[in-house]
Structures are given as C-alpha cells and as structure tokens.
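> Following is a predicted model, sequence given first.
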Amino acid sequence: MDAGNIATSLVGAIVKDSVHDEFVWREYQETVMKERGDWKDLYRTCREQE
C-alpha cells in the first residue's frame with residue numbers, strides 16, 4: 001500500500017459533505033499532516049488529489 005492508496009481511502013471516508021468536510025479535511029492536512037515529517041508523502045499526495 002502506498003500514499004496514493006491511503007490518500008484515496010482517507011478522502012473517501014472523510015469527505016461526505018463537499019462543502020463542510022472538505023474545509024475540515026484541508027485544515028487537518030495543514031495543521032497536522034504537514035507538520036509530521038514521516039507523513040510528507042501522504043500530505044503531498046492528499047494535496048495533489050484536490
């Protein structure tokens with residue numbers, strides 16, 4: 001399993017309401033994922049999927 005598979009699964013599980021959930025998901029990416037060094041590939045892949 002690679003970052004692309006995980007990112008796709010996360011987005012599918014988290015973003016149900018495209019307006020509210022997308023905002024919360026982006027906020028999580030910027031405040032949590034971006035700061036974790038070992039999550040850089042996942043963070044980058046999630047940002048590319050937008």
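Arrived safely, thanks for sending.

> all contacts plus neighbour counts: C-alpha atoms, from now on.
Noted.

> What sits closest to the most centrally placed residue in the chain if chain neighbours are left out?
When C-alpha atoms, centre = their mean is applied to the chain, the residue found nearest the centroid is residue 46 (4.2 Å). Closest residue to residue 46 apart from its sequence neighbours, by C-alpha to C-alpha, 6 or more residues apart in numbering: residue 7 at 5.4 Å.

> Correct me if wrong: the one you found contacts residue 47.
No. Between residue 7 and residue 47 there is no contact under C-alpha atoms under 8 Å: 9.2 Å.

> the more surrounded of the two?
Higher neighbour count among residue 7 and residue 47: residue 7, with 20 against 13, using other C-alpha atoms under 10 Å.

> And for the longest helix seen in the chain, what's in contact with it?
Under DSSP state H, the helix in the chain containing the largest number of residues is helix 3-14. Applying C-alpha atoms under 8 Å, 6 or more residues apart in numbering, the contact partners of helix 3-14 are 21, 25, 41-42, 45-46.

> next SSE after it?
Following helix 3-14 in sequence order, the next helix or strand is helix 20-28 (DSSP states H and E).

> List the buried residues for that next one?
Neighbour-count burial for helix 20-28 flags residue 22 (criterion: 16 or more other C-alpha atoms under 10 Å).
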